[in-house]
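**Q** Got a predicted structure here, sequence first:
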Amino acid sequence: MRIISGKHKGRKINAPNNLPVRPTTDRAKEALFNILNNRYNIAEKNILDLFSGTGNISYEFASRDAKSIYAVDKNIECTSFIQKINNQLELNINTIFSDVFSFIQKTDLKFDIIFADPPYNSSFYNELKDLILEGNILNNEGCLIIEHDNNTIFNDKNLETRKYGNVYFSIFQIKNNL
């Protein structure tokens, strides 16, 4: 995997082969960050990366100087690897070893962009979406992005779906009229 933009543009990161992950492809990641860069000033945003795996998405946000980044995963090898890369590259990623659902329910932090990449074919995509959108952890004008395959379907009015190869991003935009 490589960091595609920002201060660490072009840096290759080799994750151990024993991690139980499926990193977002460079093509899909580049397309997603083109969308995000056109909508947000990432340097002003607080980021939450759920099911962070290798940290691929967190590194991309960190390379773009996101205000804060929290990477959550329940696999200790994954969080250890992210922390190792975080230290090597002197990034600002807060690595959290936790079950994602437990973290969402207990945190008092709020985020502008939440990226979730659960294992494909998980049965809890809608539960995860509802917990995040109803849990008051996403700031007004923020967005939730869930990566999934073609077997996952969301039926929401504030939904935008993008497809890149076999990767789908469902983007839920939060717009409160306060």
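**A** Received, thanks.
**Q** how about the strands in the protein?
**A** Taking DSSP state E to define them, one finds strands in the chain at 46-50, 68-73, 93-97, 111-116, 138-148, 159-164, 167-173.
**Q** Distance to Ala28 and mean neighbour count for those strands - can I get that in CSV?
**A** The way it works is simple: take the backbone N, C-alpha and C, and place the C-beta from them, glycine included. Formatted as CSV, the strands of the chain follow (distance: least, C-beta to C-beta, whole Å; neighbours: other C-beta atoms under 10 Å):
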stretch, distance to Ala28, mean neighbour count
strand 46-50, 15, 26
strand 68-73, 18, 25
strand 93-97, 21, 20
strand 111-116, 12, 24
strand 138-148, 8, 19
strand 159-164, 4, 14
strand 167-173, 4, 19
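**Q** For Leu169, which residues are in contact?
**A** If you look again at residue 169, you'll see it is Phe, not Leu. 28, 32, 145-147, 161-163 (C-beta atoms under 8 Å, 6 or more residues apart in numbering).
**Q** does it have beta-bridge partners, and which?
**A** Glu147, Arg162 (DSSP bridges).
**Q** do you know how far it is from His148?
**A** Phe169 is 8 Å from His148, where distance means C-beta to C-beta, to the nearest Å.
**Q** Check Ser63 too.
**A** Relative to His148, and taking C-beta to C-beta, Ser63 is found at 25 Å.
**Q** one step back: pipe the strands of the chain into TSV and attach distance to Gln105 and mean pLDDT per row.
**A** As requested, these are exported to TSV (distance: least, C-beta to C-beta, whole Å; pLDDT from 0 to 100):
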stretch	distance to Gln105	mean pLDDT
strand 46-50	13	98
strand 68-73	12	98
strand 93-97	13	98
strand 111-116	14	97
strand 138-148	14	93
strand 159-164	23	91
strand 167-173	19	92
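**Q** want to throw these into a markdown table with distance to Leu36?
**A** Converted to a markdown table, these look like this (distance: least, C-beta to C-beta, whole Å):
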| stretch | distance to Leu36 |
| --- | --- |
| strand 46-50 | 10 |
| strand 68-73 | 13 |
| strand 93-97 | 17 |
| strand 111-116 | 7 |
| strand 138-148 | 8 |
| strand 159-164 | 11 |
| strand 167-173 | 9 |
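**Q** what about those, which gets the closest to Lys12?
**A** Shortest distance between Lys12 and the strands of the chain, using C-beta to C-beta, is found for strand 93-97: 17.8 Å.
**Q** what pairs with that closest one, and is each one parallel or antiparallel?
**A** Strand 93-97 is paired, per DSSP bridges, with strand 68-73 (parallel).
**Q** can you list the residues that contact the strand it pairs with?
**A** By C-beta under 8 Å, 6+ apart, strand 68-73 touches 46-53, 55, 58, 61-62, 79, 82, 91-98, 100, 103, 109, 111.
**Q** Noted, bye for now.
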